[in-house]
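Enquirer: Requesting a structural model of the entry that follows:
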Amino acid sequence: NNQWQYANNDVWVDFTPTTGDRLIAAIDFDSSQVEMLRGSSGSVNGINQGYLESDLMITANQWRDVFNEGEFSITGTYFTFE
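Expert: Below you'll find the predicted structure:
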């Protein structure tokens, strides 16, 4: 279905996107792969995607600088999309 969800450890929680939400990365939880969406455009099920510039970095299997399988850590301070 087209229901958005976020992972809260072992529980998936439904949410409704709001104006201003933006996808900055695509994550494959099974393979622990992260694809940053720099230069992407358009939307996915109602959420705009992509950005122009950023210092964000997403690291698989890490949380607070410690290995943690299944977690994804994000660091950085900004992204621009216009």
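
Enquirer: could you list every residue that touches the residue sitting nearest the centre point of the chain?
Expert: Centroid-nearest residue in the chain, with Cα atoms, centre = their mean: Ala25, separated by 4.4 Å. Applying Cβ atoms under 8 Å, 6 or more residues apart in numbering to Ala25 gives the contacts 34-37, 58. Yep, even glycine has a C-beta here, placed from its N, CA and C like the rest.

Enquirer: Check which residues of the strand ranked longest in the chain are buried.
Expert: Identified as the longest strand of the chain according to DSSP state E is strand 66-75. For strand 66-75, the neighbour count (16 or more other Cβ atoms under 10 Å) marks 71-72 as buried.

Enquirer: coming back round to it: top of the contacts of Ala25 by number of neighbours, please.
Expert: Leu37 (18 neighbours; other Cβ atoms under 10 Å).

Enquirer: Excluding chain neighbours, what is closest to that residue?
Expert: Leaving aside its sequence neighbours, Leu37 sits nearest to Gly50 (Cβ to Cβ, 6 or more residues apart in numbering; 4.8 Å).

Enquirer: my read: Asn61 touches Gln33, true?
Expert: No: Asn61 is not in contact with Gln33 according to Cβ atoms under 8 Å; the separation is 10.9 Å.

Enquirer: The two - which one has more neighbours?
Expert: Asn61 (13 against 10).

Enquirer: Listing request: residues of the protein with sub-threshold pLDDT.
Expert: 1 (pLDDT under 70).

Enquirer: Which parts of it are strands?
Expert: Using DSSP E, strands in the chain cover 4-8, 11-15, 22-23, 25-28, 33-36, 43-44, 47-49, 53-54, 57-63, 66-75, 79-80.

Enquirer: now the residue nearest to Leu37: how far from Gln33?
Expert: Distance of Gly50 to Gln33, computed by Cβ to Cβ, to the nearest Å: 18 Å.

Enquirer: repeat for Thr16
Expert: Using Cβ to Cβ, Thr16 is found at 27 Å from Gln33.

Enquirer: Appreciated, that's everything.
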